[in-house]
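Trainee: For reference, the sequence and a predicted model appear below.
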Amino acid sequence: MSSATFYKWRAKYGGMDTSMITRLKELEAENTRLKKMYADERLKAMIVQEALTKKF
């Protein structure tokens, strides 16, 4: 492991105990899931908006 990796890890997780690290990982996973959901819904909204603006 490089020293840069060590210091980066220490800056991120330095003062945490295992329960806090577990909670952080859960929150990161939830955040990723929510971002994906938002992107999907935004795409759907853009498709509907495009369909409504087209003239038939």
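Mentor: That came through, no problem.

Trainee: which residues of this structure fall in helices?
Mentor: With DSSP state H applied, the chain shows helices at 3-13, 18-53, listed in chain order.

Trainee: CSV please, covering the ones you listed and showing mean neighbour count and mean pLDDT.
Mentor: In short, each C-beta sits where N, CA and C put it, glycine included. Listed next are the helices of the chain as CSV, based on neighbours: other Cβ atoms under 10 Å; pLDDT from 0 to 100:
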stretch, mean neighbour count, mean pLDDT
helix 3-13, 10, 90
helix 18-53, 10, 95
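
Trainee: State the pLDDT value of residue 55.
Mentor: Per-residue confidence (pLDDT) for residue 55: 69.

Trainee: Pick out the residue nearest the middle of this protein.
Mentor: Compute the mean C-alpha point of the chain, and by Cα atoms, centre = their mean the closest residue is residue 32, 3.0 Å away.

Trainee: separation between it and residue 8?
Mentor: For residue 32, the distance to residue 8 equals 20 Å [Cβ to Cβ, to the nearest Å].

Trainee: likewise residue 28?
Mentor: With distances defined as Cβ to Cβ, the gap from residue 28 to residue 8 amounts to 16 Å.

Trainee: The residue nearest to the centre of the chain and residue 26: what is the separation?
Mentor: 11 Å.

Trainee: One more: residue 14?
Mentor: When Cβ to Cβ is the yardstick, residue 14 and residue 26 sit 19 Å from each other.

Trainee: Next: residue 46.
Mentor: Between residue 46 and residue 26 the distance, using Cβ to Cβ, works out to 31 Å.
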